[in-house]
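Engineer: Turn this into a structure:
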Amino acid sequence: SPSAPPGLPTALDLTAIRRETARRQALRDPVGWIRDRLGEFLWSRQREIIESVRDHRRTAVHSCHLAGKSMLAARVVAWWLENHPVGEAFVVTSAPTGEQVRAILWREINRAHVKGKLSGRTNQTEWWLPTGDGGEEIVAYGRKPDEFNPGAFQGIHARYVLVIFDEACSTPDSLWAAGDTLIGNEHSRFLAIGNPDDPQNQFAKNCAPGSGW
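Structural biologist: Sure thing, here's the model as predicted:
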């Protein structure tokens, strides 16, 4: 309060300190954040995946049908955006078709947003957050770039960038390098998740031992 003795934190200071402490704890413990904020339990492999995203720049997951891979990817998006400062984080997601972008991953993102009463607003392919000055800015989008236009990913700049390729086995090889250009600093992450249907494509190479993923 204004009457607090000099040198002592005010109530506003303490609120900010508690908020920052909670944010840092959530970044260290994504499994706990999903449990506490969304009321969801992750099984062991899901926990391993999200902790890999926390700890490593590139994570490739060869999954199977009906394993909840898009559900988990959506929770990664929610955890990432809810716990990094507005204006410093951005998420780019892609899938082989526009229908998959909207009806699979972003359907799950919207479910998580509603369930956790998360910040901002979402639609079928975008997440917007308030900026604090009465405005808002886009902090995530889902796109299916033309496979012959990998430059469609360029121009995204943020300290904490998260790239997600859902149904990654069908992602054109030309887009992998474009996605990788977005994670140029140590704070950014790339998650590729899908069914290993083609042993010859880039996703299979990224899942192989020694790939750096």
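
Engineer: Run through the residues that contact the residue nearest the centre of the chain.
Structural biologist: Centroid check for the chain by C-alpha atoms, centre = their mean gives Val77 as the closest residue, at 2.9 Å. Residues near Val77 by C-beta atoms under 8 Å, 6 or more residues apart in numbering: 91, 93, 109, 112, 127, 140, 162, 164. In this view, the C-beta of every residue, glycine as well, is placed from N, C-alpha and C.

Engineer: Let me know the distance separating it from Gly116.
Structural biologist: 12 Å (C-beta to C-beta, to the nearest Å).

Engineer: One more: Ile104?
Structural biologist: For Ile104, the distance to Gly116 - C-beta to C-beta - is 19 Å.

Engineer: again with Ile17
Structural biologist: 23 Å.

Engineer: These two: who's more crowded?
Structural biologist: Gly116 (19 against 11; other C-beta atoms under 10 Å).

Engineer: What pLDDT does the model give that one?
Structural biologist: We have a pLDDT of 96 for Gly116.

Engineer: Wait, Ile138 touches Pro130, no?
Structural biologist: No - between Ile138 and Pro130 there is no contact under C-beta atoms under 8 Å: 11.8 Å.

Engineer: that's a strand at Glu20, yeah?
Structural biologist: No - remark: Glu20 does not belong to a strand; assigned using DSSP: H, G, I helix; E, B strand; the rest coil, it is helix.

Engineer: Could you report the neighbour count for it?
Structural biologist: The burial count for Glu20: 11, using other C-beta under 10 Å.

Engineer: Let me see the contact set for Arg121.
Structural biologist: 127-128, 136.

Engineer: and it, backbone torsions?
Structural biologist: Main-chain torsions, Arg121, degrees, to the nearest 10: phi -140, psi 150.

Engineer: what about it, distance to Val139?
Structural biologist: 11 Å.

Engineer: what is in contact with those two at once?
Structural biologist: 127-128.

Engineer: now the strands for this structure?
Structural biologist: 58-62, 89-94, 121-122, 126-130, 136-143, 160-166, 189-194 (DSSP state E).

Engineer: Mean pLDDT and distance to Gly151 for those - can I get that in CSV?
Structural biologist: Converted to CSV, the strands of the chain look like this (pLDDT from 0 to 100; distance: least, C-beta to C-beta, whole Å):
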stretch, mean pLDDT, distance to Gly151
strand 58-62, 93, 21
strand 89-94, 94, 13
strand 121-122, 96, 26
strand 126-130, 95, 20
strand 136-143, 94, 12
strand 160-166, 95, 15
strand 189-194, 94, 18
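
Engineer: Alright, I will stop here.
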